[in-house]
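J.: Could you look at this predicted model? Sequence included:
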Amino acid sequence: MDQLNRRTVLKAGGTLGAVGALAMAAPAGARPLWTWSPKGSVIGTGTGADPRTVWDTEADPLVASLFARGAVPKVNALLRNWNKNGQPLPDGLPADLHDFLERHRQLPAWADPGKFAAAARFNQKRGLYLGVLYGFASGMMSTVIPKEALAVYYSKGGANMKRRISRTAKLGYDVGTPNAFQPDGEMIVTSLKTRLVHAAVRHLLPQSPHWTNAAPEGIPISQHDMMVTWHSLPTTVMRTLKEWKVSIPAAESEGFLHTWQLSAHMLGIEDQYIPSTWNEAESQATQVLDPILAPTPEGIKLADTLLDLGAGLDFTLLSRPILGALTRFMLGDEVADWLHIPRELLWGGLLDTAWGPFIAVREGLLPVPLAPEAYWMFDEFLRQFVLLYMSELRPIKIEIPEFNNPNLR
């Protein structure tokens, strides 16, 4: 039970210790060396370039050109109803954008459709877990990823966090559908639209005096930043499921990883940075994710907003105290303290003592619930939380932003 009671987000054994020692050995003011080898990537090769100095070499100039031509409103209107992977691109798109989307909607040579069925089984069996994990182990973690928190807060997404997190939820939902990468699925389209959004944020944020005064970089959302966010999703989910002692067949684990590898490719992460296995993902995460988690004023504000997502709803199990307790349980005391989330003795104690048996019952490791009321409450929470996010997916349209956070003008 002790393992279930505390998340170890900031610790990953000896490997992370070695990374920390490397950082301490670097000269003052210097950033740690990039040491992850592209031999561990899905293509097994690459330049080995530091991903903190690489952005999106194709999407960035394309989107900047769309802004220069005043074409963004027209493009958003044309792409608004382009949703399915196999759906023809709408007529009237600028030729360079049409070519970009047509080329990048194709699966890479290393794609293995044979793994899709196993991924579908994984998502079907773990769907209720995944909704909560994407929301808390991943979504709330984004508020302590400093550069991501800054980029979100000062961009258009920071003005409406419910809509922003719903779009993130759509990404998690689409990748988990059985037909995610099939012609009638939506994951390819969702990823490509998100890739255009990221390019627009790179174009717009450097024009924001608020962001430039706070950011430690000249251009946001580097390849490194995208990898950090990627690890906050599938890698963090897999870590947590292991901590919960959820037994996952090897084929399903590999299938889940493969769909996220394809998602990374579609989102514009270069193949040389996409881990080939879970072991490589862990190796990379201990370098790019674990050491950089930290609080920022912007992240604290974002977390505060996220904890109020259930406000005004009839879902009593989505109250702020319960969401706060779940965040502390998922991410640990240090992260919760960073975010100024108070301790909830009632809900925190219940999670500490009853979550482990609840998972064991759901996984068939215990024949009957040890605490029927707690079992029912946790099960209902999972359902309500997923329903909350699923209800936000239907009207969501991912569009290229035309301005930064309007509330900060």
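T.: Now that the structure is in, tell me what you want to look at. Numbers count the residues shown, from 1 in each chain.
J.: quick one: low-confidence parts of the stretch 51-200 of the chain?
T.: 162-167 (pLDDT under 70).
J.: tell me the helices in it, going along the chain?
T.: 59-68, 72-79, 95-104, 116-132, 146-154, 161-175, 187-204 (DSSP state H, counting those that start in this stretch).
J.: Out of those, which is closest to A250?
T.: Distance to A250, taken as C-beta to C-beta, is lowest for helix 116-132 among those, at 9.0 Å. Placement of C-beta: from N, CA and C, glycine included.
J.: For the closest one, buried residues please.
T.: Of the residues in helix 116-132, 116, 118-123, 125-126, 128-132 count as buried by neighbour count, 16 or more other C-beta atoms under 10 Å.
J.: Packing partners of that helix?
T.: For helix 116-132, the packing partners by 3 or more C-beta pairs under 8 Å, 6 or more residues apart in numbering; DSSP states H and E come out as helix 161-175, helix 236-243, helix 250-266, helix 372-393.
J.: go with 7 Å
T.: helix 250-266, helix 372-393 (3 or more C-beta pairs under 7 Å, 6 or more residues apart in numbering; DSSP states H and E).
J.: Which strands or helices does the first one pack on?
T.: In this case it means helix 250-266. Packed next to helix 250-266, using 3+ C-beta pairs under 7 Å, 6+ apart, are helix 116-132, helix 161-175, helix 187-204.
J.: The same query, at a cut-off of 6 Å, please.
T.: Applying 3 or more C-beta pairs under 6 Å, 6 or more residues apart in numbering; DSSP states H and E, we find helix 250-266 packed against helix 116-132, helix 187-204.
J.: mean confidence score for that helix?
T.: Throughout helix 250-266, pLDDT has a mean value of 98.
J.: Next, the angle helix 187-204 makes with it.
T.: Helix 250-266 runs at 40 degrees relative to helix 187-204, counting by axes from the mean of the first three to the mean of the last three C-alpha atoms, to 10 degrees.
J.: Could I get the buried residue list for helix 250-266?
T.: 252-266.
J.: and A95, how many neighbours does it have?
T.: Number of residues near A95 (other C-beta atoms under 10 Å) recorded here: 7.
J.: swap in V54?
T.: By other C-beta under 10 Å, the burial measure for V54, its neighbour count, is 17.
J.: about what we covered before: same list, the helices and strands packed on helix 250-266, but as CSV with distance to P216 please.
T.: Formatted as CSV, the entries for the helices and strands packed on helix 250-266 read as follows, by distance: least, C-beta to C-beta, whole Å:
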stretch, distance to P216
helix 116-132, 32
helix 187-204, 15
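J.: Out of these, flag the one nearest G157.
T.: Here helix 187-204 is closest among these (C-beta to C-beta), at 8.2 Å.
J.: going on from that closest one, what's the next piece of helix or strand?
T.: helix 209-214 (DSSP states H and E).
J.: helices or strands up against that next one?
T.: Under the contact definition 3+ C-beta pairs under 6 Å, 6+ apart, helix 209-214 sits against helix 146-154.
J.: Relative to N405, how far out is A118?
T.: Distance of A118 to N405, computed by C-beta to C-beta, to the nearest Å: 41 Å.
J.: Same question for R105.
T.: Taking C-beta to C-beta, one finds R105 at 30 Å from N405.
J.: what about the two, which has more around it?
T.: Remark: of R105 and N405, N405 carries more neighbours, 21 against 16, as counted by other C-beta under 10 Å.
J.: Give me the phi and psi angles of the more buried one.
T.: When read as degrees, to the nearest 10, the backbone of N405 gives phi -60, psi 110.
J.: and the chain, what are its domains?
T.: Residue ranges for the domains of the chain, per automatic domain parsing: 2-7+296-393, 51-295.
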